[in-house]
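Student: Sequence first, predicted model second:
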Amino acid sequence: MSPLSLTVMNRLWPHGDDHVPHLKEAIVDTSTEIFKKFGVTSDLVVAHYMAQFSEECGAGIEMVENMNYSAAGLMRTWPARFGRDRANKFAHNQQMIAETVYGGRMGNAPPPSHDGWDFRGRGLSQLTGRENYKDVGTHLGLDLIADPDIVNDPNHALEIACHDMFTCKYESLNCLEWAEKDNVIGVTRALNGGVIGLSDRRSWLAKWKQALAVAV
């Protein structure tokens with residue numbers, strides 16, 4: 001497996017450090033050790049992982065989930081939760097939206113708890129939900145409940161994301177196993193729970209395969 005290079009990161013994630021300084025450098029510096037720790041042993045799997053991360057966090061520029069939905073966006077994304085009147089009331093109120101759509105799920109307490117906001121998507125893989133923050137933190141020895149922003153710490157970002165990829169499953173296979181099969185749909189379903197952004201994930205995968213000289 002070839003080491004991840006800063007040259008490639010700079011080319012594919014040109015604004016990757018804009019919101020989290022030194023993110024790209026930290027990913028490169030920790031990649032060999034972290035990938036080995038989580039059983040990533042081929043450029044093919046690295047390409048799949050980096051493609052998913054690229055889509056999930058916008059190539060480093062959306063390390064915290066953007067909940068700034070318009071009324072139309074709320075009705076389109078969560079039609080069962082938002083009729084027109086409710087969507088107009090919630091539109092562009094990011095904290096209220098997060099607490100409503102994530103409250104009572106994934107280990108989050110329902111509103112008026114702030115869990116939905118505190119444990120919204122973060123990091124390279126957009127880790128979401130109190131339960132997932134607690135699980136990852138427990139395994140890695142990090143208190144992500146007390147300080148959720150550790151997920152975006154450059155020194156921990158790749159390790160947390162790779163742990164997320166290792167534990168997320170679809171049809172009993174985790175992201176690593178689907179990536180080894182070169183199955184982008186399987187990886188996406190395991191990580192995302194659906195196929196949101198699949199066309200972008202395919203596009204990113206093609207870019208990362210080319211950058212890492214993976215045969216297609």
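Tutor: Sure thing, it's come through. Numbering: from 1, shown residues only.
Student: Domain map for the chain?
Tutor: With domains defined by automatic domain parsing, the chain comprises 6-63+152-211, 71-118.
Student: Just the element for the residue positioned nearest the centre of the chain, please.
Tutor: Centroid-nearest residue in the chain, with Cα atoms, centre = their mean: S125, separated by 1.7 Å. Assigned by DSSP states H and E, S125 belongs to no helix or strand.
Student: what sits against it?
Tutor: Shown in contact with S125 (Cβ atoms under 8 Å, 6 or more residues apart in numbering): Q52, F53, E56, C57, I160, A161, D164, M165, L191. For every residue, glycine as well, the C-beta is placed using N, CA and C.
Student: Including neighbour count, could the residues you listed go into CSV?
Tutor: Listed next are the contacts of S125 as CSV, based on neighbours: other Cβ atoms under 10 Å:
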residue, neighbour count
Q52, 29
F53, 27
E56, 26
C57, 27
I160, 26
A161, 28
D164, 26
M165, 25
L191, 25
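Student: Return the member of those nearest to C175.
Tutor: For the contacts of S125, the closest approach to C175 (Cβ to Cβ) belongs to M165, at 3.9 Å.
Student: the residue most distant from the middle of this protein, which is it?
Tutor: D85 (31.1 Å).
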